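# what's the 3D shape of this:
(chains A, B, C and D)
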Protein chains: 4
Amino acid sequence: MSRKQIGVIGAGVCSSEARSLAEMVGREVAKRGAVLLCGGLGGVMEAAAFGAKQEGGITLGILPGTLREEANPWIELAVVSGMGHARNALIAQSSDALIAVNGEYGTLSEIALGLKMGKPVVVLESGWQIKGVYRAESPEEAVELAFRLIESCEKPEKSP
Amino acid sequence: MSRKQIGVIGAGVCSSEARSLAEMVGREVAKRGAVLLCGGLGGVMEAAAFGAKQEGGITLGILPGTLREEANPWIELAVVSGMGHARNALIAQSSDALIAVNGEYGTLSEIALGLKMGKPVVVLESGWQIKGVYRAESPEEAVELAFRLIESCEKPEKSP
Amino acid sequence: MSRKQIGVIGAGVCSSEARSLAEMVGREVAKRGAVLLCGGLGGVMEAAAFGAKQEGGITLGILPGTLREEANPWIELAVVSGMGHARNALIAQSSDALIAVNGEYGTLSEIALGLKMGKPVVVLESGWQIKGVYRAESPEEAVELAFRLIESCEKPEKSP
Amino acid sequence: MSRKQIGVIGAGVCSSEARSLAEMVGREVAKRGAVLLCGGLGGVMEAAAFGAKQEGGITLGILPGTLREEANPWIELAVVSGMGHARNALIAQSSDALIAVNGEYGTLSEIALGLKMGKPVVVLESGWQIKGVYRAESPEEAVELAFRLIESCEKPEKSP
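I've put the predicted structure just below:
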C-alpha cells in the first residue's frame, strides 16, 4: 500500500527554464504513481508539485516553517515541521530517491544528506556535481534513472 | 487543493476496544475527505490508518525512526523523520486538529504540544483529561467536534 | 569528564515567587557541579540560569529559534536549534533529570517526554501532577531528590 | 556572558594526520576562550575536543543518537538530540563559525547548511572546496581566520 516517494529538490526562486524542467519531473513522477515529495515552497518545489497535480498525482511538502499557508498551492499534504533547515534531513530521509534541479546551498545540503543516507541522487543539468551523484540530461531520463536506481537498491545484489 | 489533516494519537500497543475506536475515527476522517495523519506505528495508529484506508482515504505517517519499513501496512505516505520523540511536535504542528484515543506519556506530550500550538484537541474516552481539551463520547462525535472546532478556528471571530 | 546535566523547565513568563524558586534550584544545581540546562529564554529559565551563574556554574540553553540573541543574559553556551517546540524533546533527552517549576503546556510536554524517556522528573510546588512525577516541597529538596534519583537509575538494581 | 562557539566538523573516522590537525584546532579555540562545539563522536570530533580540554577549554557535543554514552570522553556538555543527521543543522546553526577538517558527505552537508545560514566556513586542507568557503593552510590560520570573520560579521558594514 505504501507508495514510492521521489524527492525533488532545488531553489525556492529559479529561472523559467528550471521551472519547466521541474514541472516535467513532477509530471513523470506522477505518471508512475509515485508521490512527489518536496520542501513545499516556491520555485523548483512549486513547479514540480504543479506538474504532479496536472497528472493527478499526490504531492507532499515538508515545510520549514510553522504555517501551512506557506505551502505552494499544489501541495496536497503538508508536514509543518517548524524545524527550519533541519527539515532538509527529513526530505532526504523520506525520499526513495532524490532528483535535484539546480539549486543553491540548501539543495547541496540535501544532496549531501541523501548521499550520506545511501539514497540514489540524480542531478539534472548543470547543478552540483558531487562525487556519488548520477547525472541526467532530461527530466524523463532523471525520473527513469531514479526508478531504476531504487529498484537496484531493493534487489539482494547491490548495484554500484 | 490542500486537504484537512486530522492527527490521531494514541498508544502503539492498545486494547481491542481502543483499536475499534481508533478504526472508527479513521473511517470518519476519510469519509469527510481529510487526511488521516498519525505516528505511523502500531496500536491506535495502525487501527486509525486501517479505518481510513477502508473508506478510500489517504494516510500519512510521521515515523520516529529511519526505516520506512517500520510503518504499519496502511500508511500510504510516510515521513521518515529519524527524530525519535521530537517527531511528536511535527504530528501536532501538522494536524488541523488532534484526536486522542487513550495513550500514555507519548500521547500526553502530543496533547500538550497541540494545546501549546493552539490546535483543537479532542480526547475520546477515558484518556488524559488536561484542561483545554474537548471530550467526546464516541468516534463520530470526536470527528464531528474536531471539524467544527477547525471551522471555528478559521472564522474571524474566535471561539473559546 | 562529562558533567551531570539538570534540566530546569517552566514558563517563559512567571510570578516572582516562581522566579525565586527557580533561582534557588539553579544555585543548588551549580553548587553540586552539574550543568544547568534549560530552554534559554525568560521567566523560570532565566531565573534558574541566573542562580547557577551566581554560584559559578555552567549554563546551557537549547533555544527554540534561530537567533542566539534570544537567549537570556545568563546563558553561557547555547544550542540554536531553530526547531521551535520540537526542541522540548532535546531538553528532556539531554537532561539526567528534570525539575519543573510550575509552567504551562510547554512544560507539560517536557514532563511527558521526560517520563516517556524514563528520566526522573521532579515537580516543585503546585505544578503538573502527572502520575510518575516526584514531588518536592522546596528547591533544595527538588535538587537533592533529582540527584538521588539519577544515582539510583545508574545502579544495577532498579529503584521504583 | 555568552561565549563564542566554534564548530569543528569532520569525519568520525579519520587519518592520524587529520587527528593532529583537529587537535591543534581544538587547542587554538580553547586558548581564545571559545567553546569547542562538535558532533560529539570520534575521529575529527574527538581529536578537536581532546585538544580543547588539554588547554582547559569547554567542549559541547551535539550527538545524533539517544545515548550520552556515545559521546567521546572529552565532551563535557552534551546535547543528546536523538535526531540523527538532522542534528547537523543544529551544529551549523549553533556555531559562530565552522572549521572543517576534511570529512565526507556528513561534513559537506554541514558546510552547505553553514553557508546557507550565512556562517563563516573555513576549510582546512584538502577538504570540500565549495564556492563560498574560506581556505586555511594550518590550524592556527583556520582559527585566526574564523575569529576575524566572526568579528567582521558583527560589524555594521558587511564583509564579503
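
# C-alpha from now on. contacts and neighbour counts both.
Fine.

# which one is the residue in chain A that chain C sits nearest to nearest to, not counting chain neighbours?
Among all residues of chain A, residue A:83 sits closest to chain C, at 3.9 Å; criterion: CA to the nearest CA. Leaving out its chain neighbours, the residue that sits closest to residue A:83 by CA to CA, 6 or more residues apart in numbering or on different chains is residue C:83, at 3.9 Å.

# what's the one you found in contact with, if anything?
A:82, A:83, A:84, A:86, C:64, C:65 (CA atoms under 8 Å, 6 or more residues apart in numbering or on different chains).

# I'd say the fourth one and residue D:92 touch.
Think residue A:86. No - contact between residue A:86 and residue D:92 fails when scored by CA atoms under 8 Å: they sit 9.9 Å apart.

# could you list every residue that touches residue A:12?
Per CA under 8 Å, 6+ apart, neighbours of residue A:12: A:41, A:42, A:43, A:44, A:45.

# Can you pull the residues of chain A lying near chain D?
Residues of chain A lying near chain D by CA under 8 Å from any CA of the partner chain: A:85-90, A:105-106, A:108-113, A:115-116.

# ok, residue A:123 touching residue A:103?
No - when contacts are counted by CA under 8 Å, residue A:123 is not listed as touching residue A:103 (10.2 Å).

# the more surrounded of these two?
Neighbour totals were compared for residue A:123 and residue A:103, and residue A:123 leads with 24 against 20 (other CA atoms under 10 Å in any protein chain shown).

# how far does the strand or helix carrying the more buried one sit from the chain's center?
Assigned by DSSP states H and E, residue A:123 belongs to strand A:121-124. Strand A:121-124 sits 9 Å away from the centroid of its parent chain (CA atoms, centre = their mean, to the nearest Å).

# Just say helix, strand or coil for residue A:57.
coil (DSSP: H, G, I helix; E, B strand; the rest coil).

# okay, now it: neighbour count?
Residue A:57 has 22 neighbouring residues, counting by other CA under 10 Å.

# And residue A:137, by the same measure?
11.

# Let me see the contact set for it.
Contacts of residue A:137 by CA under 8 Å, 6+ apart are A:124, A:125.

# Next one: residue A:85 relative to residue B:31, how far apart?
Distance of residue A:85 to residue B:31, computed by CA to CA, to the nearest Å: 35 Å.

# For the two, work out which one has more neighbours and name it.
residue A:85 (27 against 15).

# The more buried one reaches residue A:64, doesn't it?
Yes - here residue A:85 reaches residue A:64: they are 6.5 Å apart, a contact under CA under 8 Å.

# follow-up on the earlier one: list the helices and strands the next helix or strand after the strand holding residue A:123 packs on?
With elements assigned by DSSP H and E, the helix or strand that comes after strand A:121-124 is strand A:134-136. On a contact count with 3 or more CA pairs under 8 Å, 6 or more residues apart in numbering or on different chains; DSSP states H and E, strand A:134-136 meets strand A:121-124, helix A:139-154.

# Name the strands paired with the shortest one and say parallel or antiparallel.
What it means is strand A:121-124. Sheet pairing for strand A:121-124, assigned by DSSP bridges, gives strand A:97-101 (parallel), strand A:134-136 (parallel).

# Residue A:101 pairs with what?
Going by DSSP bridges, residue A:101 forms beta bridges with residue A:10, residue A:124.

# which ones are touching it?
By CA under 8 Å, 6+ apart, the residues touching residue A:101 are A:8, A:9, A:10, A:11, A:18, A:21, A:22, A:44, A:123, A:124, A:125, A:127.

# and the gap between it and chain D?
Counting by CA to the nearest CA, to the nearest Å, the separation of residue A:101 from chain D is 17 Å.

# burial measure for the closest residue to chain D within chain A, as a count.
Proximity of chain A to chain D (CA to the nearest CA) peaks at residue A:109, 4.3 Å away. A count of neighbours around residue A:109, defined by other CA under 10 Å, yields 30.

# Please apply the same query to residue A:138.
Residue A:138, neighbours per other CA under 10 Å, totals 15.

# Am I right that it is in contact with residue A:123?
No - the pair residue A:138 / residue A:123 is not scored as a contact, 9.9 Å apart, by CA under 8 Å.

# For residue A:42, identify the helix or strand it belongs to.
Assigned by DSSP H and E, residue A:42 belongs to neither a helix nor a strand.

# Quick check: it vs chain B, distance?
Counting by CA to the nearest CA - residue A:42 and chain B are separated by 15 Å.

# who are the neighbours in contact with that residue?
Applying CA under 8 Å, 6+ apart, we find residue A:42 in contact with A:11, A:12, A:13, A:71, A:72.

# between the residues you listed, which is nearest residue C:52?
Minimum distance to residue C:52 across these is 42.8 Å, recorded for residue A:71 (CA to CA).

# Need the per-residue pLDDT for the closest one.
pLDDT recorded at residue A:71 is 98.

# Return the residues in contact with it.
A:40, A:41, A:42, A:61, A:63, A:78.

# wait, isn't the fifth one in contact with residue A:77?
No - assessed by CA under 8 Å, residue A:63 is found out of contact with residue A:77, at 10.4 Å.
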